[in-house]
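Enquirer: sharing a model that was predicted from the sequence below.
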Amino acid sequence: MSFSNSKNFSWFVFALGTLSALFFAVYTDHRWEDWYITFRASKNLSEGLGFTFNMNERVHSFTSPIGTLIPALLNFITHDDEAVIWSFRVINMLLIGLTVKLVFDLFSTNIKAAFWPALLVTLALVFDEKSIDYSINGMETAFMLLGIVLLIRELFISTVLKPLRLGLIFAFLMWSRPDAFIHIGSLLLGYLLFKNRSWEHVKGFFQGGMLGILFYAPWILFAWWYYGNPVPNTVLAKGFTLTPESILNRTLHYVQSVFMGLVSSEAPFLWIFAPAYYYFDSWPFLMLFIMKCITYVAVFLWVIPKVNSNARFLSFAAFLVASYLNVFSPTIYPWYIPAVMVICLVSIGCAVAQPVMGMVSERRKWLPIGTLSFLLAAQLWVYFGGLIQMRSQQDLIENGLRKKIGLWLKEESKTPEETVFLEPLGYIGFYSGLTMYDYPGLCNTKVIDARKTLKTESYVQLINYLQPNWVVFRPWDLSKASKVEANSFWQNYDLAKTFSQKDSVETLNVYGRNYLAYDSEFIVYKKK
């Protein structure tokens, strides 16, 4: 099929991306933990109770400004929790559709790839499980995906850079996630190294960067004034243990793991295309091996001189962002990944699709199609496996456990000022309405201060210091404490109730079951 017959196909691809997200949302109704962390702050803001999670302290308890302000506006309009989540989902579905369309148009118009390679790259994005799931479950993923693709598109189409457009894209990405400057810088550096090193481009990038800072400045100034710190508390809490020594050790371990990953089952880039939380060891080895091969190719295309410059600069950018996450992020959370994945996907597409135009042999023309078909098949495997996994997750764990614990605590507590120490903050914090002492301190600086004062990450030591009214543990949390710590805990707390879905999870026959098993039981303790 030629592109002269495929212009209208672009809107079909838009609809396909939107419907993929809609299907995932309707089938799973997946609502991520962090959605309820963000939405509690959004709801408090829209109801005039302060832009924070706990009522008694101004804490920057969310990461994405745009992902928090839009739900606040939706709640102000609707005053209905269900209407907010579904309205936000619709926005994200449309953003996914637009992103998919832009990728298809990029390959059809700018890269001038053949029809089938362009379509296969686009379908690999349509069925990327993490991109779809974390766009419909309340995270900022769709905004990041759109911003990254807009920036890639701008780098492809602009023979003369337009600083204003660049600045708007930069600001959009920063409003989506404050660490997006890493993605921006990686793409620009890769472009300068492998594509165009002219002074005009350096000048254009600098001007765009200054405009981006200007457009993002209102949020920085507001956060500095309102919270006393422009850096989100989520970043401060998660990065508390990072020191120069730990960063050096993590870097050395990362470099070692890059080479060890070639011969071991684990690899530092496997997560880019692998299922969310794949490391709970309930996904097929063959699937993970395929994903590892794909990601190693994607992040190291830049070292191969014969690969075209578009593929190389994107691959180098993906390598830089992946390296940043491996070294600086305590855990590579699944909603961080699609922004790296889409860079890898376009890079692979450029590498295999662009040579098609210059090939004479019909047999060789099918090689890119075969390669991309293989990638799409792997994506579909993960997509449908994740679809069933996340439906079970929502039914058994989120609704069947965490939501119930939150509602139970609300009934059992006497005042909203009662405090709860826990790690899974979202559902329990939202539905209980109580004051949360969460680990590592996303919504409460008292926990971060306690970690600094005690120089410990021990839950029991923190609990004995903070003395919350309630404690929510997974079964093994208390067993990690020393005998002295455990005895001091028992002197202050009684077992109140056990919530369990262990038997139901054990009967499941789904990919990712071990991930569900991790959260299949919680024990609630009450202060004597």
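Expert: Structure's in. What do you need?

Enquirer: distance-wise, check the closest residue to residue 319 other than its chain neighbours relative to residue 12.
Expert: In this structure, residue 319 finds its nearest non-sequential neighbour in residue 299, 4.5 Å apart by CB to CB, 6 or more residues apart in numbering. No exception for glycine: its C-beta is placed from N, CA and C like everyone else's. Residue 299 is 31 Å from residue 12, where distance means CB to CB, to the nearest Å.

Enquirer: same question for residue 138.
Expert: Distance from residue 138 to residue 12, by CB to CB: 28 Å.

Enquirer: looking at these two, which one has more neighbours?
Expert: For residue 138 versus residue 12, neighbours defined as other CB atoms under 10 Å are more numerous around residue 138 (26 against 12).

Enquirer: so the more buried one makes contact with residue 37?
Expert: No: the criterion here is CB atoms under 8 Å, and residue 138 misses it with residue 37 at 9.4 Å.

Enquirer: is it true that residue 421 touches residue 459?
Expert: Yes: Residue 421 is in contact with residue 459 according to CB under 8 Å; the separation is 7.5 Å.

Enquirer: joint contacts of the two?
Expert: residue 439 (CB atoms under 8 Å, 6 or more residues apart in numbering).

Enquirer: same drill for these two, tell me which one is more crowded.
Expert: It is residue 421, of residue 421 and residue 459, that has more neighbours when counted by other CB under 10 Å, with 24 against 21.

Enquirer: looks to me like the more buried one is in a helix.
Expert: No: Residue 421 sits outside any helix when classified using DSSP: H, G, I helix; E, B strand; the rest coil, being strand.

Enquirer: who's it bridged to?
Expert: The partner list for residue 421 in beta bridges (DSSP bridges) reads residue 437, residue 471.

Enquirer: neighbours of the residue nearest to residue 445 when sequence neighbours are not counted, how many?
Expert: Among residues not flanking residue 445 along the chain, residue 59 sits closest, at 5.9 Å (CB to CB, 6+ apart). Neighbour count for residue 59, taken as other CB under 10 Å: 27.

Enquirer: show me the contacts for residue 59.
Expert: Applying CB under 8 Å, 6+ apart, we find residue 59 in contact with 52, 53, 227, 233, 443, 444, 445.

Enquirer: what about the first one, distance to residue 370?
Expert: When you say that, I think you mean residue 52. Residue 52 is 53 Å from residue 370, where distance means CB to CB.

Enquirer: between those two, which has more neighbouring residues?
Expert: Remark: of residue 52 and residue 370, residue 52 carries more neighbours, 22 against 11, as counted by other CB under 10 Å.

Enquirer: per-residue pLDDT, the more buried one?
Expert: We have a pLDDT of 94 for residue 52.

Enquirer: now residue 365
Expert: What the model reports as pLDDT for residue 365 is 60.

Enquirer: then residue 247?
Expert: If you check residue 247, the pLDDT there is 84.

Enquirer: A helix includes it, no?
Expert: Yes: the assignment for residue 247 is a helix, going by three-state DSSP.

Enquirer: now for it: which residues touch it?
Expert: Neighbour list for residue 247: 327, 328 [criterion: CB under 8 Å, 6+ apart].

Enquirer: begin at 464 from here
Expert: With 464 as the first residue, the last one maps to residue 710.

Enquirer: quick one: it from residue 791, how far?
Expert: On the measure of CB to CB, residue 710 and residue 791 end up 7 Å apart.

Enquirer: element containing the nearest residue to residue 675 once chain neighbours are set aside, please.
Expert: Excluding the flanking residues, the one nearest residue 675 by CB to CB, 6+ apart is residue 633, at 2.9 Å. Taking DSSP states H and E as the definition, residue 633 sits inside helix 626-639.

Enquirer: which strands and helices lie in contact with that helix?
Expert: Judged by 3 or more CB pairs under 8 Å, 6 or more residues apart in numbering; DSSP states H and E, helix 626-639 is in contact with helix 528-541, helix 604-620, helix 643-657, helix 662-690.

Enquirer: which stretches of this protein have low pLDDT?
Expert: Within the chain, the ranges that satisfy pLDDT under 70 run 464-470, 703-704, 817-830.

Enquirer: can you map out the strands along it?
Expert: 882-885, 898-901, 933-936, 956-963, 984-990 (DSSP state E).

Enquirer: using JSON lines, please lay out those together with distance to residue 859.
Expert: As requested, those are exported to JSON lines (distance: least, CB to CB, whole Å):
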{"stretch": "strand 882-885", "distance to residue 859": "19"}
{"stretch": "strand 898-901", "distance to residue 859": "22"}
{"stretch": "strand 933-936", "distance to residue 859": "17"}
{"stretch": "strand 956-963", "distance to residue 859": "10"}
{"stretch": "strand 984-990", "distance to residue 859": "11"}
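
Enquirer: to residue 593, which of those strands lies closest?
Expert: Proximity to residue 593 (CB to CB) singles out strand 898-901 among the strands of the chain, at 24.1 Å.

Enquirer: any residues touching the closest one, and which ones?
Expert: Contacts of strand 898-901 (CB under 8 Å, 6+ apart): 516-519, 879-886, 888, 891-892, 906-907, 909-910, 925, 929, 931.
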